[in-house]
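Enquirer: with the input below, show me the fold.
(2 chains)
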Amino acid sequence: MLSWARQTFPAPSIRIDRFSPVAVTIDNSPDTIAPADSGLRRLAMRSIAWLQAGPMMLVFALFFLLPLVLVVIVSVWDYNEYEMIPALSFRGYTDTFEGCVANLPELCTILKTYLKTLKLCLLTWGLTLLIGFWVAYFLAFHVRSKTWQIVLSLLCTIPFWTSNVIRMIAWIPLLGRNGLVNQGLVGAGFVNKPIEWLLFSEFSVVLALVHLFTFFMVVPIFNSMIRIDKRLIEAAYDAGASGWQTLVNIVIPLSKPGIVIGSIFVITIVMGDFVTIGVMGGQQIASAGKIIEARLSALQFPAAAANAVILLGITIIIISALTRIVDVRKEL
Amino acid sequence: MTDRSKKTPISRRSLLKGAAGVAGLAGTGTLLSAPYVHAADPKVLRYLGTAVNEGDEIAKKCLADTGIKIEYITATTDDVTKRVITQPNSFDVLDTEYFSLKKLVPSGNIFPLDARKIKEFNNITPVFTKGELPNGKKIGGQGTAPWKVLYLDGPNSKTFSATPTEYVTLIPTVYNADTLGIRPDLIKRPISSWAELLNPEFKGKASILNIPSIGIMDAALVVEATGQYKYADKGNMTKAEIDLTMKVLTEAKKAGQFRAFWKDFNESVNLMASGETVIQSMWSPAVTKVRSMGIPCVFQPLKEGYRSWASGFCVSKAVGGSPKLDWAYEFVNWYLSGWAGAYLNRQGYYSAVLSTAKANMTEDEWGYWMEGKPAKADIKAPDGTLMEKAGAVRDGGSYDDRMGGVVCWNAVMDENDYMVRKWNEFIAA
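Expert: Residues are numbered from 1 along each chain as shown, chains lettered A, B, ... in the order given. Model (predicted):
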C-alpha cells in the first residue's frame, strides 16, 4: 500500500535528490577517500573506527548481550523450590506448552495468553498510531512557532509526571462503579445503573496503555514530519493535489520511519507489560509478562527465563516483520 | 533573590565537578568501599521485611532505647523471599513469614537464632510453640503452622525438628487471624460463611488476594463451606485437589464473580472504600483504615474459622559470627520486651509475648484489643488518630475467640510448581 503510493508519484522523489544535500554527500564520500590510500592507512582508519565504536560495543555486550545469553542458558536448567539446578532440562519449555496438543481443539494456557496479549497489543498499537499521528501532524504542520512546538510536545509527557501506580489508581475514582463517568451517565439518564466494564476490563487496560504510550508514537512521527521539505507540499499543492492526496502521497510515505520506530516502541513495551495490564485488568487478564512474573514470584527462575525467551522470540518476529515493510536505516 | 542568582552558577559548577570526580573515582573502584566504612560506625542493622511491620515509630523507639539504628529494606512478601535466596548479603535482620521457611531453610542463607539468648523465649505464646492457646485449647494446624517449622536439628541443619531444640528458625514477633472484610451497608444482611465469597449474589463485587498460594486457600475454605469437598490439608493439596479448587475458582471467574484481585494493602483499601467490592479477603489494619475513612467495614468472623499467618525474625548467614549478631540479639530482645508488642497490638495484630505487651498498654486498650470488651474510652491508633469510639467492640471478639478459631495457616505446598502453572491457567481462562 505504502510502496504503491510512492511509485505513483515519481516526480517528487527526483526532486528530493536534487534538493537534498545528504544525497549528494553520500554519492561522493566513498570515492574521495578511496584513491588516496595505502593499505596501512586504510588499516589505521579501520582501527580508529573500531576504537570509536568500542565503548558502545562494550556497554552493549556487558549489559545487553551477556544478560541475554545468561537468560537463555538458565532457561534450559532444572529447578526446585529454592534453587536453580545447572542440569540440562527443558522443563521450563515443556511445562509452558503443557496441554497444547493434548487439549486440542481447546487452546492451551500459553496460546490463550499470547492471543490475549496480541489482541491488547494490536488495539493499543492501532489507537496510539491513529492518535499519535494526528497529534504529530498538528504539531509539525499547524503549530508555527518552535517554542510552541516544544511546549506542546512537553505537554504530551504529563502522563509520566506521576508514578505508574498512582497514575493507575487515579482511574478508579474516574471509571469505577461510583466514579465520575458513571455518576455523570446515570445522572444524565443515559443508563439506569453504573456500567461495569469501564474498569477492570480490556477496555480500561487499552485505555490506560493508550494514555501512557501515545507519547512514544508522537515523538518519532513528529521527528520524521518536521524533516519533510515544506517545498514538497507546496509543489504538490501547485500541481493540483488535494489535501488528502498530499497526505497519502507525501506526508505518510515520508513519515514511515517515524511510524515504524514508534510502532516498535509501543509493541515491545505492550508485549512485555504486566503492571498496567495487571492493575487495570484487576489482575484477571492474562498477559505474557504476567506469566513470567508469577513464575519469578514463585522462585521458578528457569521457567520464567524460558517464558522470557519465548516472549523475546515472538517480539523479534513482529519487529523484523515491521522492519521488512520499511527499512528504517535506509530511510533515516 | 540576587543572592540566589549569584550562588546558583557556582554551586552548579561545583556540583558538576563533584559529579565528574565521583564518576572518575567510582570507575577506578576507590570509592566503592566508602559506604561500608561509613556504615560500620554506629550500630546499624539492615532490616529486610514487608511494609506491614516496618513502622517508623518502632525504628525511632529502638534507636532511643538501644542505640541500634534500623534501616528498613521494604519489599513484597515474594520479593523478600527472592532477595534472601539471591542476595543473602544485602540484609542483616530478616522479618518474614513462617510459610516461606520451606524455601529459605534449604537454601542455607539464613542463620537460626539461639533460643537461650532470647530472654522472653519461654514467655512466647504457646500458639507458636505448641499450637494451642494460653488456656490450652488446640488450634487448627493445616498449612505451614509455625510450630511445625519453628526448630532446626542443628545450627547448620536444613531439616526441621519435630521436638524443641535451641535452634529457632524465626523468633516469633507478630501474627493474626485473617478473614473476609465486608461492607455491611451495601450487603445489608448478616454474613456468616466463607461460602458467601463465591455467592452469585455478589457477582462482580468480590475479590481475593492475588498471591496464588493464599488465594487458593481462600477458595478451599469456600469449597469446604459449600460442602463440595473436605481437604486433608488445605495448605498442602494433592494435584487432584488443586485441579478441583482451581475449577471452582475458574467457574466463578468466568461468571464474573471477581471485580479485581489485590496484592497490595492500599489496593485492598481502595477497592473496599470505593465500593468496587463489597466482600473480599482482607487484613485487619486494612479494615481499620477503611473504617477510619468513615466508611462502614467489618472484619467478619465466619463459622468455618480463620486463615492465619505469622512472622518472625532471623538473621542472614553473613551475620553469623560478626558483631552484628550481638546487635541482632539485642534488637530482638528489645522487640519482645513490650513496647513494640503493644504497638503491634494497637494496630490489630497480635504480639508474640503477651505479658510484656500488656504491661505497655492501658487496661482499656488491653480490654478492647485482646479481651473483646467494649472500649471505655475512644481507641486511638499508634499515631493518635481516632480508630474506634467508646463503646465499640472488636470484630471477632477476644484473642481466644479469634486465634482459637484458626483452621489453617498460610502455606507453601509441596505441589507449588504445579499450583503456579494452574494459577496461570486460571488467569488465562
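Enquirer: got the residues of the stretch 51-200 of chain B near chain A?
Expert: Within reach of chain A by CB under 8 Å from any CB of the partner chain, the stretch 51-200 of chain B has these residues: B:78-79, B:81-82, B:85, B:102-104, B:106-107. Where C-beta positions appear, they are placed from N, C-alpha and C, glycine not excepted.
Enquirer: from those, which is closest to residue B:286?
Expert: Distance to residue B:286 across these (CB to CB) is lowest for residue B:78, with 18.6 Å.
Enquirer: that closest one contacts residue A:297, correct?
Expert: Yes - using CB atoms under 8 Å, residue B:78 makes contact with residue A:297 at a distance of 4.0 Å.
Enquirer: anything in contact with each of these two?
Expert: Common neighbours of residue B:78 and residue A:297, counting by CB atoms under 8 Å, 6 or more residues apart in numbering or on different chains, are residue B:211.
Enquirer: follow-up on the earlier one: of the residues of the stretch 51-200 of chain B next to chain A, buried ones?
Expert: Buried members of these, scored by 16 or more other CB atoms under 10 Å in any protein chain shown, are B:78, B:81-82, B:85, B:102-104, B:107.
Enquirer: about what we covered before: widest-spaced pair of the residues of the stretch 51-200 of chain B next to chain A?
Expert: Taking CB to CB, no two of those sit farther apart than B:79 and B:106, at 19.1 Å.
Enquirer: list the buried residues of the longest helix seen in chain A.
Expert: Using DSSP state H, we find that the single longest helix of chain A is helix A:109-137. Within helix A:109-137, the residues scored as buried using 16+ other CB under 10 Å are A:109-110, A:112-114, A:116-118, A:120-121, A:123-125, A:127-129, A:132-133, A:135-137.
Enquirer: please apply the same query to stretch A:317-326.
Expert: Neighbour-count burial for stretch A:317-326 flags A:318-319, A:322, A:326 (criterion: 16+ other CB under 10 Å).
Enquirer: in the stretch 51-200 of chain A, where is pLDDT below threshold?
Expert: Counting by pLDDT under 70, the stretch 51-200 of chain A shows low-confidence ranges at A:168.
Enquirer: got the residues of it near chain B?
Expert: For the stretch 51-200 of chain A, the residues in contact with chain B (CB under 8 Å from any CB) are A:81-83, A:95, A:98, A:109, A:112-113, A:116, A:169, A:172-173, A:176-179, A:196, A:199-200.
Enquirer: name the helix or strand for residue B:308, please.
Expert: Per DSSP states H and E, residue B:308 falls inside strand B:306-316.
Enquirer: what's downstream of that strand, the next helix or strand?
Expert: Criterion used, DSSP H and E; the element after strand B:306-316 is helix B:323-335.
Enquirer: which residues are contacting that next one?
Expert: Helix B:323-335 is contacted from outside by B:43, B:45, B:58, B:62, B:65-66, B:68, B:70, B:92-93, B:111, B:113, B:117-120, B:171, B:173, B:313, B:315, B:319, B:340-341, using CB under 8 Å, 6+ apart.
Enquirer: moving C-terminal from it, which element do we reach first?
Expert: The helix or strand immediately downstream of helix B:323-335 is helix B:339-345, counting by DSSP H and E.
Enquirer: circling back to that earlier point, which single one of the buried ones among the residues of the stretch 51-200 of chain B next to chain A is nearest to residue A:163?
Expert: Nearest member of those to residue A:163, counting by CB to CB, is residue B:78, at 20.2 Å.
Enquirer: which SS state does the closest one fall under?
Expert: In the three-state summary, residue B:78 is assigned as helix, counting by DSSP: H, G, I helix; E, B strand; the rest coil.
Enquirer: same question for residue B:94.
Expert: strand.
Enquirer: give me the beta-bridge partners of it?
Expert: With DSSP bridges as the criterion, residue B:94 is bridged to residue B:48, residue B:314.
Enquirer: any idea how far it is from chain A?
Expert: From residue B:94 over to chain A the distance is 15 Å, taken as CB to the nearest CB, to the nearest Å.
Enquirer: got it, and residue B:202?
Expert: 13 Å.
Enquirer: show the contacting residues for the residue in chain A positioned nearest to chain B.
Expert: Residue nearest to chain B within chain A (CB to the nearest CB): residue A:282, separated by 2.8 Å. Going by CB under 8 Å, 6+ apart, residue A:282 touches A:199-201, B:258-261.
Enquirer: before we move on, the earlier item: give me the buried subset of the contacts of helix B:323-335.
Expert: B:43, B:45, B:58, B:62, B:66, B:68, B:70, B:92-93, B:111, B:113, B:117-118, B:120, B:171, B:173, B:313, B:315, B:319, B:340-341.
Enquirer: look up the closest residue to residue B:57, ignoring the ones flanking it.
Expert: The shortest distance from residue B:57 to any non-neighbouring residue, by CB to CB, 6 or more residues apart in numbering or on different chains, is to residue B:382 (6.0 Å).
Enquirer: and that neighbour, what is it in contact with?
Expert: Residue B:382 neighbours (CB under 8 Å, 6+ apart): B:55, B:57, B:343, B:346-347.
Enquirer: tell me the pLDDT at it?
Expert: Confidence at residue B:382, expressed as pLDDT, is 71.
Enquirer: sec struct for it, please.
Expert: Here residue B:382 is coil, with the state taken from three-state DSSP.
Enquirer: phi, psi of it?
Expert: Main-chain torsions, residue B:382, degrees, to the nearest 10: phi -50, psi -30.
Enquirer: just the helices from the stretch 51-200 of chain B, written as ranges.
Expert: Counting by DSSP state H, counting those that start in this stretch, the stretch 51-200 of chain B has helices at residues B:56-66, B:77-86, B:101-107, B:126-129, B:184-187.
Enquirer: redo these as CSV? Include mean pLDDT.
Expert: Formatted as CSV, those follow (pLDDT from 0 to 100):
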stretch, mean pLDDT
helix B:56-66, 93
helix B:77-86, 90
helix B:101-107, 92
helix B:126-129, 94
helix B:184-187, 95
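Enquirer: and the gap between the spatially most central residue of chain B and residue B:72?
Expert: Centroid-nearest residue in chain B: residue B:52, 5.6 Å away (criterion: CA atoms, centre = their mean). Here the criterion is CB to CB, to the nearest Å. By it, residue B:52 lies 12 Å from residue B:72.
Enquirer: burial of residue B:416, as a residue count?
Expert: For residue B:416, the number of neighbouring residues by other CB atoms under 10 Å in any protein chain shown comes to 21.
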